[in-house]
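> Below are the sequence and a predicted model; questions follow.
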Amino acid sequence: MSQFVSWFKAIGLILAGITLVVLACLVVWSADVARLRQAVGTHTTGELIRHAQRRLQGHTRLEAALARPLRWMQTQVERPVALGKVPSLGKGLQEWALPPVQYLPNGQPIAQLATRAATPPAGRLAVVSVRSADELVRAIQAAKAGQSIQIAPGHYVFNRRVATGAAGTKAQPITVWATAPGQVTIELDTVEGFYVAHPFWVFENLHIRGICKQHSNCEHAFHIVGAASSTVVRNNLIEDFNAHIKVNGIGDAWPDDGLLQFNTLSNRTRRETSAPVAPVDIVAANRWQVTDNIISNFVKAQGNQVSFGLFMKGGGSGGRIERNLVVCTPNNMSQPGVRVGLSFGGGKTDKPFCRNQRCDFEHMVGMAVNNIVIHCNDFGIDVNQASTVLVAHNTLVNTAGIDVRSNSTAVRVYANLLEGRVRARDRSDMQLDMNEIVSMAAVFAGADVLQFEWLAPPANIPSLPLVHKDFCGLARADGTLPGALADQAGCLQPGGAL
């Protein structure tokens, strides 16, 4: 048996050597030896393998000889995933209707914990009941402040977008809803479904599915634009789109102060498209809160094959990414492409689409806290040309870690529990405090299948005033654990809060 193990290791070393030779040859062809030396020192093994795979394309003989060894190496570097159905951990679509939406005096919606609704939400006194797709289109176009558009249980199909026609107010939002989750299924065979261009609209308890034969024809379930400030999308199951929630400005109008909460955003298959793939795509809008959602299975099969679970970019500010569960790939970790979990900056923004038409920074004064990100073959959290960003108390399982790049400034990375690395590059300014890089198998009973029973918790650390709750919404004590879970009691363990 020991002889067999020795032979197996020897074969692995030989293949690793072949891969390094391939990398050297490919970069020499591009006359950039110095760049290779730098890449080997600063890039992850997965990045180097994917770089070699890209450079082999078009070199038929080399590709035939070396593609399989590279693929084998990739499967050894990237931990296999067989998660199946994603456990909710209390996030995403809830089984019951939520309490009424509440707003701050400035009109910003308030993220609330998932408690059952005890009273009918405010603004639902003027009820408009609809029982067909045509009735829903007319009701949304004719809606007035304070109306509640209640969709009767059933199945609805649309082949055109549904556009809002008027504004709600802070005191009287316009609500589109099903009485309870699971009662209403809406199928969209159109580039975009709900086109929200007015403020104070609420959409909740809906199951929305893209059914386009060509994936490029199902871009967005929600396109929130221009003056559509204070939009709330909560407690919905949304699946099979390229960018399930798309937010951007029109002219000088920006849809600020939105809330995405308790949504489950996923795809049942990989997206066969070269269009951007990011279930939450927020460009140039300020003060959006993305909290308590499940975002999973966002594989981009064509084009550059790079996808993000969520990004905020385009010169916006004040974004909060909090208490989300992000699963890049529930199965088949090593399928082609690059998956990034959460990002301030994404793939950057062309200047005409930036808030100030300059994009000095892609996002400013942002927070990514108390998130669990798992099974991403690239970085779990990415900060790309952003400024004044807090990345704190996140748990990153089976990802490359945290990447701060492209001259980002004033980035604080505090108390994260992660596998992989924390990397700053391209002249970025990063402050590191109290982070723990660990093997999750040594810390948790089954982190790869989202079982977070502590085996060997790290030591407590000082709490941050800005992060006073954990992934489950429980208060953090003065001394707290790194990562998304506040203490050894474990709100995700048997007998915990969830």
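Sure, I can see it. What you see is a predicted model, and the numbers here were worked out from it, not measured in a lab.
> which stretches of the stretch 351-498 of the chain have low pLDDT?
490, 493-498 (pLDDT under 70).
> Could you pull out the helices in it for me?
With DSSP state H, counting those that start in this stretch as the definition, the stretch 351-498 of the chain shows helices at residue ranges 440-443.
> Please apply the same query to the stretch 1-150 of the chain.
In chain order, the stretch 1-150 of the chain shows helices spanning 2-29, 33-42, 45-56, 60-77, 133-142, with DSSP H, counting those that start in this stretch as the criterion.
> can you tell me which of these the model trusts least?
Least confident of those, judged by mean pLDDT, is helix 33-42 with a mean of 43.
> Ramachandran angles for the closest residue to residue 306 other than its chain neighbours?
Closest residue to residue 306 in three dimensions, ignoring its sequence neighbours and counting by Cβ to Cβ, 6 or more residues apart in numbering: residue 338, at 4.5 Å. The way it works is simple: take the backbone N, C-alpha and C, and place the C-beta from them, glycine included. Dihedral angles phi and psi of residue 338 (degrees, to the nearest 10) take the values phi -130, psi 130.
> My guess is residue 338 contacts residue 307. True?
Yes: Residue 338 sits in contact with residue 307 when judged by Cβ atoms under 8 Å, with a separation of 7.2 Å.
> Between those two, which is the more surrounded one?
More neighbours surround residue 307 than the other of residue 338 and residue 307, with 28 against 19 (other Cβ atoms under 10 Å).
> Residue 468: what's it in contact with?
By Cβ atoms under 8 Å, 6 or more residues apart in numbering, residue 468 lies in contact with 475-476.
> where's residue 263 relative to residue 334, distance?
Residue 263 sits 28 Å away from residue 334, going by Cβ to Cβ, to the nearest Å.
> The two: who's more crowded?
Here residue 263 and residue 334 are compared on neighbour count by other Cβ under 10 Å; more neighbours surround residue 263, at 32 against 20.
> So what's the residue count around the closest residue to residue 361 other than its chain neighbours?
Using Cβ to Cβ, 6+ apart and skipping the chain neighbours, the partner closest in space to residue 361 is residue 387 (4.3 Å). Residue 387 sits with 20 neighbouring residues when counted by other Cβ under 10 Å.
> Repeat that for residue 211.
Around residue 211 there are 14 residues (other Cβ under 10 Å).
> so it touches residue 221, yeah?
No: Residue 211 is beyond contact range of residue 221, at 11.5 Å (criterion: Cβ under 8 Å).
> shared neighbours, the two?
When contacts are counted by Cβ under 8 Å, 6+ apart, residue 211 and residue 221 have residue 188 as shared neighbours.
> mind giving me the domain split of the protein?
Taking automatic domain parsing as the reference, the chain has its domains at 2-77, 126-480.
> need those in a markdown table with distance to residue 491, can you?
Compiled in a markdown table, those are given as follows (distance: least, Cβ to Cβ, whole Å):
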| stretch | distance to residue 491 |
| --- | --- |
| domain 2-77 | 32 |
| domain 126-480 | 4 |
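> Would you mind finding the most buried of these?
Mean neighbour counts were compared across the domains of the chain using mean count of other Cβ atoms under 10 Å; the top stretch is domain 126-480, at a mean of 21.
> Just checking the distance from that one to the centre of its chain.
Distance of domain 126-480 from its chain centroid, counting by Cα atoms, centre = their mean, to the nearest Å, is 5 Å.
> Who's the closest spatial neighbour of residue 142, skipping the chain neighbours?
Ranked by Cβ to Cβ, 6+ apart and with sequence neighbours excluded, the top spatial neighbour of residue 142 is residue 165, at 6.1 Å.
> what's the answer for residue 315, then?
What sits nearest to residue 315 in space, not counting adjacent residues and going by Cβ to Cβ, 6+ apart, is residue 355, at 3.7 Å.
> Please apply the same query to residue 437.
The spatial neighbour of residue 437 that comes closest, neighbours along the chain excluded (Cβ to Cβ, 6+ apart), is residue 418 at 5.9 Å.
> Beta-bridge partners for the one you found, please?
In this structure, residue 418 has the following beta-bridge partners (DSSP bridges): residue 396, residue 437.
> That one against residue 432, yeah?
No: Residue 418 sits out of contact with residue 432 when judged by Cβ under 8 Å, with a separation of 11.8 Å.
> Could you check how many residues crowd around the nearest residue to residue 487 once chain neighbours are set aside?
With Cβ to Cβ, 6+ apart as the measure, residue 481 is the residue that lies nearest to residue 487, at 6.0 Å, once sequence neighbours are left out. Number of residues near residue 481 (other Cβ under 10 Å) recorded here: 25.
> Make 5 the first number, not 1, from now on.
Fine by me, first position is 5 from now on; the one you just mentioned is residue 485.
> Please look at residue 485 and residue 460 and confirm they touch.
No: under the criterion of Cβ under 8 Å, residue 485 lies out of contact with residue 460, with a separation of 11.5 Å.
> backbone phi and psi for the residue nearest to residue 491, please?
Torsion angles, degrees, to the nearest 10, at residue 485: phi -80, psi 150.
> show me the residues around it that make contact.
Each residue near residue 485 by Cβ under 8 Å, 6+ apart is listed here: 421, 461-462, 464-465, 491-492.
> For residue 193, state which of those residues is nearest.
Checking the contacts of residue 485 against residue 193 by Cβ to Cβ gives residue 421 as the nearest, at 42.8 Å.
> show me what contacts the closest one?
Remark: with contacts taken as Cβ under 8 Å, 6+ apart, residue 421 is in contact with 398-400, 439-440, 442, 447, 462, 485-488.
> Repeat the analysis, applying 10 Å as the threshold.
Neighbouring residues of residue 421 by Cβ atoms under 10 Å, 6 or more residues apart in numbering: 376, 397-401, 439-442, 444, 447-448, 451, 461-462, 485-489.
> ok, now how distant is residue 420 from residue 459?
Using Cβ to Cβ, residue 420 is found at 19 Å from residue 459.
> Revised request: answer the last question for residue 472.
27 Å.
> now do residue 156
Following Cβ to Cβ, the distance that separates residue 156 from residue 459 is 50 Å.
> now do residue 99
Here the criterion is Cβ to Cβ. By it, residue 99 lies 31 Å from residue 459.
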